[in-house]
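[1] how would this look folded up:
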Amino acid sequence: MSVALLRWDIYEIRSSTPLQGMMLRGRLRKFANQKQINFLTENDEDGQIVRFALIAHDDATVMNEYVRSLVPDAKIEKVGDAIPNPVLSKLKVNLDDRYN
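    Residues are numbered from 1 along each chain as shown. Next up, the predicted model:
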């Protein structure tokens, strides 16, 4: 039996506004659930960046607009394309050639 892995595009949210303490991840997750968007979210290892992932090639416009409604000065950048089983907190973990 062959099963295709889901692949995810990864985005980073940066801001001069502190992203911790505003329940951003939970608010984004709730919004994604309401809109029926497949969605993952996590803080980076230092807690300064919030990352989220969408199924590869899904349009990020709706999520980006919602992020900016919560954090007007948010900078959103795509940092990963079609990553299988991503770890969002530490991007270098997603490099398979890093492991024996």
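[2] give me the low-pLDDT residue ranges for the chain?
    98-100 (pLDDT under 70).
[3] all the strands of it, in order from the start?
    7-14, 39-43, 50-55, 75-84 (DSSP state E).
[4] deepest-packed of those, please.
    strand 50-55 (a mean of 22; mean count of other CB atoms under 10 Å). Every residue, glycine included, has its C-beta placed from N, CA and C.
[5] other SSEs contacting that strand?
    strand 7-14, helix 24-35, strand 39-43, strand 75-84 (3 or more CB pairs under 8 Å, 6 or more residues apart in numbering; DSSP states H and E).
[6] for that strand, which strands pair with it and how are they oriented?
    strand 7-14 (antiparallel), strand 39-43 (antiparallel) (DSSP bridges).
[7] residues in contact with the longest one?
    Where contact means CB atoms under 8 Å, 6 or more residues apart in numbering, the residues beyond strand 7-14 that reach it are 19, 24, 40, 44, 48-58, 60, 63-64, 67, 71, 74-84, 86, 88, 91.
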